[in-house]
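1. quick one, fold the following:
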Amino acid sequence: MIVRRLADIQGSERDVKAENGNWESRRLILNDDAVGFSLHDTIIHAGTETLLWYKHHIEAVYCIEGEGEVETTDDGKVYPISAGSVYLLNGNERHLLRATSRMRMVCVFNPPVTGTETHDEDGAYRPGAELKG
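-> Okay, the predicted model is just below:
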C-alpha cells in the first residue's frame with residue numbers, strides 16, 4: 001500500500017513548476033509506483049493561458065477549485081470549466097487551458113509520467129515512461 005500526503009510532496013522533487021510560471025504540478029503517483037497511471041494535484045494560476053498537447057498520453061482532469069476554459073485548437077470549441085467539471089483528452093486533443101481564477105485540478109495520466117518530464121515545443125510530454133514492476 002502507498003500512502004502519501006500533499007504536504008510531504010510540496011517542496012520536494014515531485015513538486016514541479018512550469019518555467020513560465022503558469023502552473024505547478026504536485027505529483028502524487030508516478031511511473032515508479034507501478035500502478036499503470038500517474039496522479040497529479042495541479043494548480044493553474046489565474047490569468048494564464050497554456051498550450052498543451054498530450055499526444056502520447058491520455059489525460060483526465062477534474063477541477064476541484066476555480067474557473068477557466070479549455071479550447072480545442074483543431075476546431076476552436078471552447079468548454080467552460082469550473083469546480084465539479086471533468087474533461088477527458090481521450091483523443092489526444094491539442095488544447096489551450098485558460099484560467100480565469102486560480103484553478104486546482106486533479107489530473108490522471110496514462111501511461112504514467114516519470115515525474116521528470118517537461119513540455120516540448122508542442123506542449124507534449126515525450127513518450128518513454130514504461131511500467132516498472
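2. please enumerate the strands of this structure.
-> Remark: strands assigned in the chain by DSSP state E are 15-17, 23-29, 38-44, 49-53, 58-65, 67-72, 78-82, 86-89, 94-99, 103-110.
3. so which of the ones you listed gets nearest residue 3?
-> strand 23-29 (10.4 Å; Cβ to Cβ). (Glycine included, C-beta is placed from N, CA and C.)
4. distance between that closest one and the chain's centre?
-> In terms of Cα atoms, centre = their mean, to the nearest Å, the centre of strand 23-29 is found 8 Å from the chain centre.
5. picking that back up, and of the strands of the chain, who's closest to residue 7?
-> Residue 7 lies closest, by Cβ to Cβ, to one member of those: strand 23-29, at 9.8 Å.
6. so in that sheet, which strands flank the closest one, and in what orientation?
-> strand 15-17 (antiparallel), strand 38-44 (antiparallel) (DSSP bridges).
7. surely residue 77 touches residue 71?
-> Yes: judged on Cβ atoms under 8 Å, residue 77 makes contact with residue 71 at a distance of 6.9 Å.
8. and the two? Which one has more around it.
-> Neighbour count, other Cβ atoms under 10 Å: between residue 77 and residue 71, residue 71 has more, with 17 against 11.
9. ok, now which ones touch that one?
-> Contacts for residue 71 (Cβ atoms under 8 Å, 6 or more residues apart in numbering) come out as 77, 78, 79, 95, 96, 98.
10. any idea of the mean pLDDT in stretch 65-84?
-> If you average the pLDDT over stretch 65-84, you get 98.
11. whoops, I mixed them up, stretch 111-126
-> 69.
12. check stretch 22-39 too.
-> 95.
13. first vs last residue of it, how far apart are they?
-> Here the two ends of stretch 22-39 are set 19 Å apart, with distance taken as Cα to Cα, to the nearest Å.
14. in it, which residues are buried?
-> Neighbour-count burial for stretch 22-39, counted by 16 or more other Cβ atoms under 10 Å, picks out 22-31, 33, 37-39.
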